[in-house]
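> just the structure for this:
(one chain, ligands or ions: 1)
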Amino acid sequence: MASTVLQLVSALLLFQSCVFCLPLGQDVHDTSSCGYKSCHATIPNMLNVHLVPHTHDDVGWLKTVDQYFYGDRNDIQHAGVQYILDSVVDQLLKNPDRRFIYVETAFFYRWWKTQSSTMQQTVKQLVNEGRLEFVNGGWCMSDEATTHYSAVIDQMTMGLRFLNDTFGPCGRPRVAWHIDPFGHAREHASMFAQMGYDGFFFGRLDYQDRNTRIMNLDQELLWRASDSLTPPMADLFTGILPNGYNPPEGFCWDQSCDDPPIRDDPDLEDYNVDDVVTRFRNIATKQAAVYKSKHIIMTMGSDFQYENANLWYKNLDKLIRYVNAQQANGSRINVLYSTPSCYLQELHRANLTWALKTDDFFPYADDAHDFWTGYFTSRPALKRYERLSNSYLQTCNQLEVLGGQVSRNGVFGEGDSQTMRKAMAVAQHHDAVSGTEKQHVANDYARRLAIGWQHCQVLVSNSLAALTGSSAQRMYCENLNISVCPLTEASKKFSVNVYNPLARPVTRAVRLPVNGTLYSISDANGIPVDCQVVPVSAATQTLRGERGYAVNELVFQVQAPPLGYTTYSVSLLQSRPPPAPTQPRPPPAPTQPRPLAGVAAIQNKFLRATFDPETGLLSSLSNLETRQTIKLTQNFYWYNASDGNNSASIQPSGAYIFRPNSSTPFIISKTAKTESIQTSVVQEVRQWFGPWVSQVVRLYAHSRSLELEWTVGPVPIDDHLGKEVITRLDTSIDSAGIFYTDSNGREVLQRKKDFRPTWKLIQSEPIAGNYYPINSRAYIKDNDDQLTVVTDRSQGGSSIYNGSLEIMLHRRLLYDDVRGVAEPLNETSDEYPQGLVVRGSLLLSLEPPRSAADAHRPLAQETVLQPLVTFTDGDLHPNTRLEFSGLQAALPPAVHLLTVSQWDRDSVLLRVEHQFQASESKEHSLPVAVDLQKLFSTLEVLGVSELNLSANQWKDEMKRFDWKSHTGEQPLPKWPGDSSVWEVTLKPMEIRTFLLRVSHR
Ligand SMILES: [Zn+2]
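Numbering: from 1, shown residues only. The predicted structure is shown next:
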């Protein structure tokens, strides 16, 4: 750190002393012996067996995160993390050779807070000596298939910051450790590389892939995780663990296991040392035969183990002693207490050459009919709420910075972003947003997010009060998706504040539930805005039940400035009296269905979508600017889930697994009843496919994408059939079995039906075995046309037929899939006792392939970071500031403002990102510069230091192991560097992280 600061001081003449008092490089004269220095010696020319004592502590799964921490509800699962940490620390103190790794900072943080300062000193000592080592270190071990990169980076940053603040450099994990997630995303590997990890270990991969790798000794490899970033920036050494994350068979000494202890007193009965040593040597020798080096790793632990750590350590001490004692008799096996980083260090020292991998580890199957591709879609409502909460958190973070200190304590009380950060961090866990937790745990995640929203709302109100100069009460409407908003439904005059978290202006439509029939709207400059009143659909009226009574929606287009807000004033001109809320809800009064013959198309100046008048289905899509047209039909189907009823040997569909019992899905309806709405602001065709599926196909006047707003549910189960509901787009695009899906919302990977890039696939599930995660987009293309679908949450999808793209929307299942959750995925709620109804939208963009990214990159970011719309009743005070932008100017189209977040009192964490891949856009796939001093309109940037992606290390101090791969190095593209400290250059797909010292102007 000292060198970094000096360098900056001389460059900028701005810093007088310690600028950022992060403990990033805390003490240069540190005498600690943590990290690689603390590893036990190994013996050359022997087989070294690295025993890694560990526990896998799910941040919620069968029990909530707090139940797991306390050891509550042991009737569900015996697990108590507080006791694990108590017991492990106690046992580590008994023998300095012993090692333990800890992974989930959400739990460690809970435990640490309640320890005495003496105990905290003791633990620090253990960490400084490398006896207790943090591995991975994020708040949780994130899911890889259903998470968005921005939320993953946030949760890693939060966990690693706690470790840094608490333990300094000795708390910094060297190894990423995802032993349980169900398949592995390339973008995760890329992020881990940029977070400075030297290597990565995991447990689960496709069984055929594993068999091939065992044969080729490729269970350890070099993962090149980006097509765009210059190697080795996104290169990550990756190791596949031998037994998932469990101990070898017969060697589990936890209180939850039944394996025999080591009985080493020859005077007592059942002396078994010889037997244990022989069995262990056999296992070690076998394992060594399928790995490349003279070192092997054994994970000695499993789910929530080490609650009584004495059992494990007492037997491990003996195992090491007795196996190594055989060296005197010529044994060439050396066993030692170790950690993943110590094992990694030995692999690095071995100086071998490793296989290079450039694709990912999806989908994951553990047997021929057991594809873990259902969880890509499981719990679609939670998945949407999580994504929306991310958008809200980013807005909350930004407004905390822009509004200054009064944001946290202002006219509306104390607000914070921290509650939401924690709720979001917990929600990234591989049994949270993945949808693979029990129902009561899913409810707990949602509840935490809802509390996070409340805290953020106070902060946002304070911040907007400061920025607007008005302390008028601000109202929030979280149910606009079902046309519920008490204020707009009742008020005759109100104002709408639209905050845009993106770094460029956005234009989008706002729909507000109202009861009037005519309104006038003016923008921040007093200029009238075109607005239209359309009836609330019958589907929405049914869906919201007693919660709202608006009969109409007021639709208008808003334009919000970058990182800022604008204000619209709305006045009721004509109304019929709204029914009092206490009266029974009036019967749905949908508009008269109009025959489609007159409305065979909806169109704006960019797009035209036609409908088949016979079926009511979409029939074509045209881009009027590029003059391209594709045939396009779209409909809804359901796969009949295999059930567990007929035979115990049949694998059913469940929370994790997708297993249709036929490759042919049932159609919900061949035709749709339709009605249409055509106004100057929006055109809609409302399609009704049946009592539990409807859709609105929507085109706003300004929009370059066609919206398909689907509503699915309650999925009926009175026929006792589990259903996995999809929508399928069938087009004239000649996609030849190839389709594309994004990885965690960033780089896009090519997929090919019935094919895996690195092994010869024997396809045993023609549908489920072709499903991939879609986090933000999927597309198909040929030479002329690319149809991109941007999703509003993570979903599973595939292309089964030429020219088609299918996306799974909802699942309702009647059997457990025997992977541990022990509940069928059958979601109901108090509001929806008949089964959850889920609504979402797909945005369709039709472009020539060469310019498609220019459309879908910004479209996806606009979907992820949606404007926050808030309301104030009545007239605004005349001095209210109606418009504000936190930026001096919009950022270039290639640049995405990923993070603007208060770090400490005077500093702000900033991440700027190049959002295009190399060579996907002629115009934008080029380096682009951003001047950090000219970024903000109200903040003066006094100093800047660059960090690694997870903000726990100075960028120039981040040194990683280098690894040799089989394939020769690619020629490196010659990109320019930064032209000054302030003006930073972003190359395609690069994210750069800075700590800015700021003051408010
Ligand atoms: Zn787990």
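
> which stretches of the stretch 51-200 of the chain form helices?
Counting by DSSP state H, counting those that start in this stretch, the stretch 51-200 of the chain has helices at residues 65-70, 81-92, 105-113, 117-128, 149-167, 186-194.

> show me what the longest one is packed against.
Here helix 149-167 touches helix 105-113, helix 117-128, helix 186-194, helix 380-403, helix 418-427, strand 895-904, going by 3 or more C-beta pairs under 8 Å, 6 or more residues apart in numbering; DSSP states H and E. (Glycine included, C-beta is placed from N, CA and C.)

> one more time with 6 Å
helix 105-113, helix 418-427 (3 or more C-beta pairs under 6 Å, 6 or more residues apart in numbering; DSSP states H and E).

> before we move on, back to that, pick the most deeply packed of the helices of the stretch 51-200 of the chain.
Highest mean neighbour count among the helices of the stretch 51-200 of the chain (mean count of other C-beta atoms under 10 Å): helix 186-194, with a mean of 27.

> who touches it?
Helix 186-194 has contacts (C-beta atoms under 6 Å, 6 or more residues apart in numbering) with 144, 149, 176, 200, 223, 225-226, 234-236, 360, 743-744, 746, 949.

> kindly calculate the angle that that helix makes with helix 149-167.
30 degrees (axes from the mean of the first three to the mean of the last three C-alpha atoms, to 10 degrees).

> among the contacts of helix 186-194, which are in helices?
Within those, residues falling in helices by DSSP state H are Tyr149.

> can you pick out the most distant pair from the contacts of helix 186-194?
Using C-beta to C-beta, the contacts of helix 186-194 span at most 18.9 Å, a distance reached by Asp360 and Leu949.

> in strands, which of the contacts of helix 186-194 appear?
Ala176, Phe200, Trp223, Asp235, Leu236 (DSSP state E).

> tabulate these in CSV, adding columns for neighbour count.
Listed next are these as CSV, based on neighbours: other C-beta atoms under 10 Å:
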residue, neighbour count
Ala176, 28
Phe200, 23
Trp223, 29
Asp235, 22
Leu236, 27
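
> and of those residues, the nearest to the ion?
Using C-beta to the ion, Ala176 comes nearest to the ion of the ones in strands among the contacts of helix 186-194, at 15.1 Å.

> distance of that closest one relative to His184?
Look at Ala176 and His184: by C-beta to C-beta, to the nearest Å, they are 10 Å apart.

> do Leu814 as well
Applying C-beta to C-beta to Leu814 and His184 gives a distance of 30 Å.

> those two: which has the busier surroundings?
A count of neighbours by other C-beta atoms under 10 Å puts His184 above the other of Leu814 and His184, at 24 against 19.

> check what pLDDT the more buried one gets.
You'll see His184 listed with a pLDDT of 98.

> which residues are in contact with it?
If you count contacts by C-beta under 6 Å, 6+ apart, then His184 has Glu144, Phe202, Phe361 around it.

> buried residues in stretch 292-308, which are they?
Within stretch 292-308, the residues scored as buried using 16 or more other C-beta atoms under 10 Å are 292-307.

> strands - which of the residues you listed land there?
Residues of those located in strands (DSSP E): His295, Ile296, Ile297, Met298, Thr299, Met300.

> does the second one touch Gln287 like I think?
Yes: distance between Ile296 and Gln287: 5.1 Å, which falls inside the contact criterion (C-beta atoms under 6 Å).

> helix, strand, or coil at the nearest residue to Gly410 once chain neighbours are set aside?
In space, Gly410 comes closest to Asn462 once its chain neighbours are excluded; the distance is 3.1 Å by C-beta to C-beta, 6 or more residues apart in numbering. Assigned with DSSP: H, G, I helix; E, B strand; the rest coil, Asn462 falls in the helix class.

> is it true that Tyr375 touches Ala432?
No: if you go by C-beta under 6 Å, Tyr375 and Ala432 don't touch, sitting 11.1 Å apart.

> thinking again about what came up before, including distance to Gly564, could the helices of the stretch 51-200 of the chain go into JSON lines?
Converted to JSON lines, the helices of the stretch 51-200 of the chain look like this (distance: least, C-beta to C-beta, whole Å):
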{"stretch": "helix 65-70", "distance to Gly564": "36"}
{"stretch": "helix 81-92", "distance to Gly564": "43"}
{"stretch": "helix 105-113", "distance to Gly564": "34"}
{"stretch": "helix 117-128", "distance to Gly564": "43"}
{"stretch": "helix 149-167", "distance to Gly564": "20"}
{"stretch": "helix 186-194", "distance to Gly564": "29"}
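
> out of these, which comes closest to the ion?
helix 65-70 (10.9 Å).

> quick one: mean pLDDT for the closest one?
98.

> cool, stretch 948-962 as well?
On average, stretch 948-962 scores 97.

> would you mind listing the buried residues in that stretch?
Buried, per 16+ other C-beta under 10 Å, within stretch 948-962: Asn948, Leu949, Ser950, Ala951, Asn952, Gln953, Trp954, Lys955, Arg960, Phe961.

> list the contacts for the fifth one?
With contacts taken as C-beta under 6 Å, 6+ apart, Asn952 has the following neighbours: Leu160, Asn164, Arg172.

> neighbours around the nearest residue to Pro340 once chain neighbours are set aside, how many?
Leaving out its chain neighbours, the residue that sits closest to Pro340 by C-beta to C-beta, 6+ apart is Val175, at 4.4 Å. By the criterion of other C-beta under 10 Å, Val175 has 25 neighbours.

> beta partners for Val175?
Gly199 (DSSP bridges).

> could you tell me how many residues sit around the residue of the stretch 401-550 of the chain found nearest the ion?
Here the stretch 401-550 of the chain gets closest to the ion at one residue, His430, 5.5 Å apart by C-beta to the ion. A count of neighbours around His430, defined by other C-beta under 10 Å, yields 26.

> ok, now Pro878?
Neighbours of Pro878 (other C-beta under 10 Å): 6.

> just the ones in strands among the contacts of helix 186-194 now: which is nearest Asn351?
Closest to Asn351, out of all of the ones in strands among the contacts of helix 186-194 and judged by C-beta to C-beta, is Asp235, at 16.2 Å.

> quick one, what contacts the residue lying closest to the closest one once chain neighbours are set aside?
Leaving aside its sequence neighbours, Asp235 sits nearest to Arg224 (C-beta to C-beta, 6+ apart; 5.4 Å). Residues near Arg224 by C-beta under 6 Å, 6+ apart: Asp235, Leu356, Thr358.

> which helix or strand contains Thr674?
strand 673-678 (DSSP states H and E).

> check contacts around the most far-flung residue of the chain relative to its centre.
Here the centre of the chain is the reference, and by C-alpha atoms, centre = their mean the most remote residue is Asp267, at 57.3 Å. If you count contacts by C-beta under 6 Å, 6+ apart, Asp267 has none.

> which residues of the stretch 501-650 of the chain score low on pLDDT?
Within the stretch 501-650 of the chain, the ranges that satisfy pLDDT under 70 run 576-599, 645-648.

> at the contact with the ion, which residues of it appear?
Within the stretch 501-650 of the chain, no position lies close to the ion (C-beta under 5 Å from the ion).

> in three-state terms, label the residue in the stretch 501-650 of the chain that the ion sits nearest to for me.
Closest to the ion within the stretch 501-650 of the chain is Gly644: 22.8 Å, counting by C-beta to the ion. Following three-state DSSP, the label given to Gly644 is coil.
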